[in-house]
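1. Provided below are the primary sequence and the corresponding predicted coordinates.
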Amino acid sequence: MEDCIFCKISKGEIPSEKVYEDEEVLAFKDIHPAAPIHILVIPKKHIAKVTDIMPEDEALVGKMYTVINKIAKEQGFAEDGFRMIINCGRDAGQEVMHLHFHILAGTKMGPKII
Ligand code: AMP
Ligand code: ZN
């Protein structure tokens, strides 16, 4: 998708600090970290938001969870734990309209975020 910053990152047109990459999924460090570890996990396919996920995307979205599991183990925060956040739409404050999972780790977080 033209003019999508995360599509550009997934094509290598905008640099990012990659943590994981395969043919379908990319993970990179958030440019404005909200925790000591803040990683974004995206599908390379342009899906704007959760409410645009289609039945044919089920395998891809499911795979994102196993990628996150792998990253958590490789980066060493699987045991201590982490938080996953997905913002969907205006009320959640979604700024980038390309589906992404925020992975926050490396600190003890409070029970609520709002
Ligand atoms: P959201 O509010 O859920 O749409 O989150 C978008 C996230 O993308 C924010 O945490 C931004 O800091 C992050 N972000 C925006 N541009 C970049 C970029 N070029 N590289 C890495 N992270 C980015
Ligand atoms: Zn995109």
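-> Received, thanks. Ligands and ions are numbered 1, 2, ... in the order given.
2. in the chain, where's the longest helix?
-> helix 58-75 (DSSP state H).
3. off-centre distance for it?
-> Centre-to-centre, helix 58-75 and its host chain are 10 Å apart (C-alpha atoms, centre = their mean, to the nearest Å).
4. and the contacts of that helix?
-> 19-20, 22, 24-25, 27, 37, 39, 41, 43, 45, 53, 78, 82, 84, 101, 103, 105 (C-beta atoms under 8 Å, 6 or more residues apart in numbering). Every C-beta, even on glycine, is put in place using the N, C-alpha and C of the backbone.
5. recalculate using a threshold of 7 Å.
-> With C-beta atoms under 7 Å, 6 or more residues apart in numbering as the test, helix 58-75 has contacts from 19-20, 24-25, 27, 37, 39, 41, 43, 45, 53, 78, 82, 84, 101, 103.
6. same deal with stretch 88-105?
-> When contacts are defined by C-beta under 7 Å, 6+ apart, stretch 88-105 is touched by residues 4-7, 34-35, 37-43, 46-51, 64, 68, 71, 77, 82-87.
7. could you tell me the end-to-end distance of it?
-> Start and end residues of stretch 88-105 are separated by 21 Å (C-alpha to C-alpha, to the nearest Å).
8. that one near ligand 2 anywhere?
-> Yes - applying C-beta under 5 Å from the ion, one finds stretch 88-105 in contact with ligand 2 at H98.
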